[in-house]
Structures are given as structure tokens and as C-alpha cells.
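Trainee: just coords:
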């Protein structure tokens, strides 16, 4: 049986820490402007949702938001991000 390995992809990413809008990456602010993400304040907390191929995802504080080479955004839990991603 032949084994396969995934091709590595490069991702832009940032950790959601309830930061102010001016500290968010430009690519994420552009995605929000185009309607692919939202930042709302609910009960005093800022909540982020992003549109993905699998539907709307809620991003919790400490999650990472990634953008792949094809322009698709994902939300990744912090512990999973640490296992799967490394700085290049």
C-alpha cells in the first residue's frame, strides 16, 4: 500500500484575544468588510463569527483564525493550532 503525506500549505493566522479592531490583521478586516466574518458585542463580550465552506463558525477567545492560500478562513482551537502549525 502506498502512503501519502499532505502537501504543506502556508497560512496567515492570528489568535483571537478580544483585541481592538485596529490590531486585527488587514486580511481579516477585509473579510469582515466583505461579509465573510462579523464582530459583535453580546452581553459586553466581543464575539467573532466567520463564514466557512462548512457553515458559520463561532470563534472563542483563545482560538486562532487562519486564512489558507486559497482564501478560506477557519477557526482552530488553541491546543489544536499548537499541534498542527509552526512559524515559517
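Mentor: Received, thanks. Computed from a predicted structure; not experimentally measured. Numbering: from 1, shown residues only.
Trainee: what mean pLDDT does stretch 18-31 get?
Mentor: Mean pLDDT, computed over stretch 18-31, is 90.
Trainee: residue 34: neighbour count?
Mentor: The tally of other residues near residue 34 (other C-beta atoms under 10 Å) stands at 9. For the C-beta atoms, the positions are set from N, CA and C on the backbone; glycine is no exception.
Trainee: now the one 10 residues further on
Mentor: Other residues within reach of residue 44, judged by other C-beta under 10 Å, total 5.
Trainee: quick one, strands of the protein?
Mentor: Ranges of strands in the chain, per DSSP state E, are 12-15, 37-42, 45-52, 55-59, 64-67, 73-76.
Trainee: quick one: residue 28 from residue 1, how far?
Mentor: Applying C-beta to C-beta, to the nearest Å, the value for residue 28 to residue 1 is 41 Å.
Trainee: between those two, who's got more neighbours?
Mentor: residue 28 (22 against 2).
Trainee: please name the bridge partners of the residue positioned nearest the centre of the chain.
Mentor: Closest to where the C-alpha atoms of the chain average out (C-alpha atoms, centre = their mean) is residue 65, at 1.5 Å. On the basis of DSSP bridges, residue 65 is bridged to residue 14, residue 75.
Trainee: looks like it contacts residue 12 (just checking).
Mentor: No: Residue 65 is beyond contact range of residue 12, at 9.0 Å (criterion: C-beta atoms under 8 Å).
Trainee: run through the residues that contact residue 13.
Mentor: By C-beta atoms under 8 Å, 6 or more residues apart in numbering, the contact list for residue 13 reads 64, 65, 66, 67, 76, 81, 85.
Trainee: looking at those, spot the one nearest residue 46.
Mentor: Nearest to residue 46 out of the contacts of residue 13 is residue 65 (C-beta to C-beta; 13.2 Å).
Trainee: ok, so what distance separates the closest one from residue 37?
Mentor: Counting by C-beta to C-beta, the gap between residue 65 and residue 37 amounts to 8 Å.
Trainee: what residues are shared contacts of these two?
Mentor: Common neighbours of residue 65 and residue 37 (C-beta under 8 Å, 6+ apart) are 28, 48, 50, 73.
Trainee: most widely separated two among those?
Mentor: 48 and 73 (10.5 Å).
Trainee: great, nothing more from me.
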